[in-house]
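Visitor: A structural model of the following input is requested.
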Amino acid sequence: MSEAAEPAAHRLTLVPTPIGNLADITLRSLETLRGADVVAAEDTRRSRVLLDHYGITTPLTRLDAHTIATRAAGLLRRHQHVAFVTDAGSPGISDPGAELVRIALDLGVEVEALPGPTAFVPALVLSGLPLARFTFEGFLPRRGRERRARIAAIAARDHPSVLYEAPTRLLASLRELETACGSGRAGSVARELSKHFEEVLRGPLADLVAHFEAQAPRGEVVITVGPAEPGFEAVATPAAPADPVALAEALAAGGVRGRELRERLMAAGVPRDVAYGLAVKHKHGAPP
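Guide: Residues are numbered from 1 along each chain as shown. Sure thing, here's the model as predicted:
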């Protein structure tokens, strides 16, 4: 079928895939993957493991954040039925699936989304927090004003917030959340959900920070932050100081050094890598 073919009768199906345990896939999802003309995948290597596990031989092609803009329309025009899978979970949640849906709708392609696994739902349930209402934050911005505003909003809410985080950034995010919400705010960290080493830690944010200071996290992570108490006033995460070097020198002159210096700099908004470098530089205090 040529790329100029009318796609109005074509269909895009978003197929959720397991977040860990390969058994956590629905019969309908397997039927869809077998019956589609092509499976478009965010990462073909990861998706190939799933397809091979279930003996699915449908052609597989790459369609990720870097290729959707240039390849998606042609793919949807060429094939009557495209099944789309992401690395794990339900497509469209903090991944390129949302952009693909917009392209399909603009072309007049029918879009359906199958129910299935997604990481934040079990993380919320396992947190033990009240869940009549909640806000899903996805991934926070890495830095800047938008990040500070999002964290302040989390701190002020009267209901739980749930967000995704990379293990390498978990500790820094927990520290910022503790600064904004207060050390006693309830929270949880769920990691490796549905996998062999699944772990859910619950408690005050200060305890979660202490735990991951002592033990570096691994695997995919979901953070849940509990609601603010009535009358709580959020403390905004500070902006980075204009001169982190001068701040480090002033703190070192006052006897602050090592890990404490690094944490004080990060609490003031200095990026983690910059704070670490300045702490190393002033390891023995201010120069004479």
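
Visitor: C-terminal to the helix or strand containing Leu201, which secondary structure element comes first?
Guide: Using DSSP states H and E, Leu201 sits in strand 199-204. Moving toward the C-terminus from strand 199-204, the next helix or strand (DSSP H and E) is helix 205-214.

Visitor: Hey, what's the angle from that following helix to strand 199-204? Just curious.
Guide: 140 degrees (axes from the mean of the first three to the mean of the last three C-alpha atoms, to 10 degrees).

Visitor: what about the protein, any weak spots by pLDDT?
Guide: 1-8, 233-242, 267, 284-288 (pLDDT under 70).

Visitor: Show me how the record splits it into domains.
Guide: Domain assignment for the chain by automatic domain parsing gives 11-113, 120-225, 244-281.

Visitor: Direction included, what does the strand holding Leu201 pair against?
Guide: Strand pairing for strand 199-204, determined by DSSP bridges: strand 186-191 (antiparallel).

Visitor: got the contact list for the strand it pairs with?
Guide: The contact list for strand 186-191 (C-beta atoms under 8 Å, 6 or more residues apart in numbering) reads 119, 122-123, 126-129, 167, 170, 174, 177, 198-205, 208, 212, 217-226. (C-beta placed from N, C-alpha, C; glycine too.)

Visitor: circling back to that earlier point, which of the domains of the chain sits closest to Gly231?
Guide: Among the domains of the chain, domain 120-225 comes nearest to Gly231, with 10.7 Å by C-beta to C-beta.

Visitor: The closest one spans what distance, first to last residue?
Guide: One end of domain 120-225 sits 12 Å from the other (C-alpha to C-alpha, to the nearest Å).

Visitor: Can you show me the strands along the stretch 151-288 of the chain?
Guide: Along the stretch 151-288 of the chain, counting by DSSP state E, counting those that start in this stretch, strands occupy 161-165, 186-191, 199-204, 221-225.

Visitor: ranking those by burial, who's on top?
Guide: For the strands of the stretch 151-288 of the chain, the largest average neighbour count (mean count of other C-beta atoms under 10 Å) is found in strand 221-225, namely a mean of 26.

Visitor: how many other residues sit next to the closest residue to Val245 other than its chain neighbours?
Guide: Once flanking residues are discounted, Val245 sits nearest to Leu278: 6.8 Å by C-beta to C-beta, 6 or more residues apart in numbering. As a burial measure, Leu278 scores 21 neighbours (other C-beta atoms under 10 Å).

Visitor: What of Pro117?
Guide: Neighbour tally, Pro117, other C-beta under 10 Å: 21.

Visitor: I'd guess it is in a strand, am I close?
Guide: No. Counting by DSSP: H, G, I helix; E, B strand; the rest coil, Pro117 is not found in a strand; it is coil.

Visitor: That one and Asp24, how far apart?
Guide: From Pro117 across to Asp24, the span is 5 Å (C-beta to C-beta, to the nearest Å).

Visitor: For those two, list the residues in contact with both.
Guide: 18, 194.

Visitor: distance of His79 from Ala104?
Guide: For His79 relative to Ala104 (C-beta to C-beta), the value is 12 Å.

Visitor: What lies in contact with the strand holding Leu201?
Guide: With contact meaning C-beta under 8 Å, 6+ apart, strand 199-204 is reached by 123, 126-128, 183-192, 208, 211.

Visitor: circling back: nearest approach to Ala98 belongs to which of the strands of the stretch 151-288 of the chain?
Guide: Short answer: strand 161-165, nearest of these by C-beta to C-beta, at 14.6 Å.

Visitor: re earlier: could the domains of the chain be laid out in a markdown table, adding distance to Phe232?
Guide: Converted to a markdown table, these look like this (distance: least, C-beta to C-beta, whole Å):
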| stretch | distance to Phe232 |
| --- | --- |
| domain 11-113 | 27 |
| domain 120-225 | 7 |
| domain 244-281 | 19 |
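
Visitor: which one is the residue positioned nearest the centre of the chain nearest to, not counting chain neighbours?
Guide: Closest residue to the average C-alpha location of the chain: Tyr164 at 2.9 Å, with C-alpha atoms, centre = their mean. Among residues not flanking Tyr164 along the chain, Phe139 sits closest, at 5.1 Å (C-beta to C-beta, 6+ apart).

Visitor: who are the neighbours in contact with that neighbour?
Guide: Phe139 touches 94, 163-165, counting by C-beta under 8 Å, 6+ apart.
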